[in-house]
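Novice: Please find the sequence and the predicted model below.
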Amino acid sequence: METRVVKVGDVLIGGKNPVVVQTMCNTHTYDVEATVDQCLRLAAAGAQLVRITVPGLQDVPHVREIRDRLRAAGCQVPLVADIHFSSETAIAVASVVEKVRINPGNFHKDHAEARRQFGRFLEECKRCGTAIRIGLNHGSLGAYIVERFGNTPHAMALAAMEWIEMCIEADFWQVVVSLKASNTVVMIEAYRELARMMQERGVVFPLHVGVTEAGNGDSGRIKSCVAISTLLSEGIGNTVRVSLTEPPENELPVAQYLAARYSPCHSDAPSCHSERSEGISSLTPRDLTILRAACDYGKPLLDRTIDTVSFPDLEPEFAAYLTDELLQACRRKFYRPEYIACPGCGRTMYNLQEAFEAVKARTGHLQNVVIAVMGCIVNGPGEMADADYGYVGEGGGKVTIYRGKEPVLRHIPDSEAVDRLVELIENDHR
Ligand code: SF4
């Protein structure tokens, strides 16, 4: 699907350009030193765009300092500001970074006011030459759209189209769109529908594709690859992020593998993947077996043109494990709990990676349950989408535990929180 081309600093997204690899810092943005160091490491490892969280207006000067220090160090990697709610922060940071990611539906509870603020934001981005990503996630759609259409892939695509129409009306074209979900079936359906709607509209903006809150380890990689490869193989997707609850450096080889496998290579761009080959070569033979299997079998499993897979050439125990993981990632069989875990970012106020490992270690025996482990109390609950239980860090060593969308245990010391979560689930399932 050929899209418009969006320029983010020196990086081109869409059109005939290779798939762009990006990731996000998990440092606190106010910690300028740590964020600059992480951006430099990520850029050196092949990240073509680096996103940093900007929780509020007080962080805008930090972003400016981070940008200035990167440029002084000779690093030109474009920065993407990640905004969740504050339209004023989005407007203030637009002149500082190359791209701003927003969910305009969250700009204000009153939809008319959200539209007004989005209009102001577009004017500022136009003035500064800043690109935007309209980033809507399953689980964080505005109430106005959920009330009318439910929390569905169709509603996600419709919500995106409303903001896209506003961009077109404003004669603003530096637009990338994403519709992420943790559920691979929902995510694929949403992107396919949006691609169809944009084609019908006759304006096709580039798409940023990713599975949100994919978790970590093999399962995070498999879940990301089955869904992202399905879309890329259909020509849907121009930039990717593989979100893992791990150091962001670990995301890059997986994203680079996907970009290399699915990027269009043209005679006028003969070395389109060469600068990323170092990252791919860091993948072990086991990693490559897993990624290849996810890309080979993800789409037929998700589209139900096959019902299972087999790996006769692999050692039987690994073959059985890989089969189970693939089926679970494609939502064809649930042999263990389904985990949702955000990658963490500058809003995370506790050791998310450690907590996620602890939750997995204590709940791996459960079945037919979706457990979310989220990095912050501000966005985590909204982003958990269809989780049955949630473990959400409050900061200050405290955790809130959710049953569905309801916080049932608040301010639990993190030393006790995993026990309390397991107790809650086991009592509910007695
Ligand atoms: Fe960051 Fe996780 Fe909070 Fe999202 S839910 S803003 S990734 S800490």
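Specialist: Received, thanks.

Novice: Give the helix, strand or coil label for S310.
Specialist: At S310 the chain is in coil, as set by DSSP: H, G, I helix; E, B strand; the rest coil.

Novice: And the pLDDT at it?
Specialist: In this prediction, S310 carries a pLDDT score of 96.

Novice: residue contacts, it?
Specialist: Residues in contact with S310, defined by Cβ atoms under 8 Å, 6 or more residues apart in numbering, are A319, T323. C-betas here are computed from N, CA, C, even on glycine.

Novice: After the helix or strand of the chain with the lowest mean pLDDT, which helix or strand is next?
Specialist: Between all helices and strands in the chain, the lowest mean by mean pLDDT, DSSP states H and E belongs to helix 277-281, at a mean of 74. Along the chain past helix 277-281, the next helix or strand (assigned with DSSP states H and E) turns out to be helix 285-302.

Novice: Can you name every helix or strand that that next one contacts?
Specialist: helix 184-201, helix 217-233, helix 251-262, helix 316-329 (3 or more Cβ pairs under 8 Å, 6 or more residues apart in numbering; DSSP states H and E).

Novice: And the last one, what does it pack against?
Specialist: With contacts defined as 3+ Cβ pairs under 8 Å, 6+ apart, the secondary structure elements packing on helix 316-329 are helix 217-233, helix 285-302.

Novice: near the ligand, which residues of the stretch 301-430 of the chain show up?
Specialist: Residues of the stretch 301-430 of the chain lying close to the ligand by Cβ under 6 Å from any ligand atom are C342, P343, G344, C345, R347, T348, M374, G375, C376, N379, G380, E383.

Novice: hmm, try it at 8 Å
Specialist: Proximity of the stretch 301-430 of the chain to the ligand, by Cβ under 8 Å from any ligand atom, involves residues 342-348, 352, 374-376, 378-380, 383, 393.

Novice: out of these, which are inside strands?
Specialist: M374, G393 (DSSP state E).

Novice: any idea which of the residues of the stretch 301-430 of the chain next to the ligand is closest to D171?
Specialist: N379 (31.5 Å; Cβ to Cβ).

Novice: wait, doesn't that closest one sit right on C345?
Specialist: No - with contacts defined as Cβ atoms under 8 Å, N379 does not count as touching C345, sitting 9.0 Å away.

Novice: Test for you: state the pLDDT assigned to the residue of the chain found nearest the ligand.
Specialist: Shortest the chain-to-the ligand distance, computed as Cβ to the nearest ligand atom: residue-wise this is G375, at 2.7 Å. At G375 the predicted local distance difference test score is 93.

Novice: That one: neighbour count?
Specialist: Applying other Cβ atoms under 10 Å, we find 29 other residues in the vicinity of G375.

Novice: ok, now Q76?
Specialist: By other Cβ under 10 Å, 12 other residues sit near Q76.

Novice: swap in K405?
Specialist: Residue crowding around K405 was assessed by other Cβ under 10 Å; the count is 13.

Novice: how about the nearest residue to it, chain neighbours excluded?
Specialist: P381 (6.9 Å; Cβ to Cβ, 6 or more residues apart in numbering).
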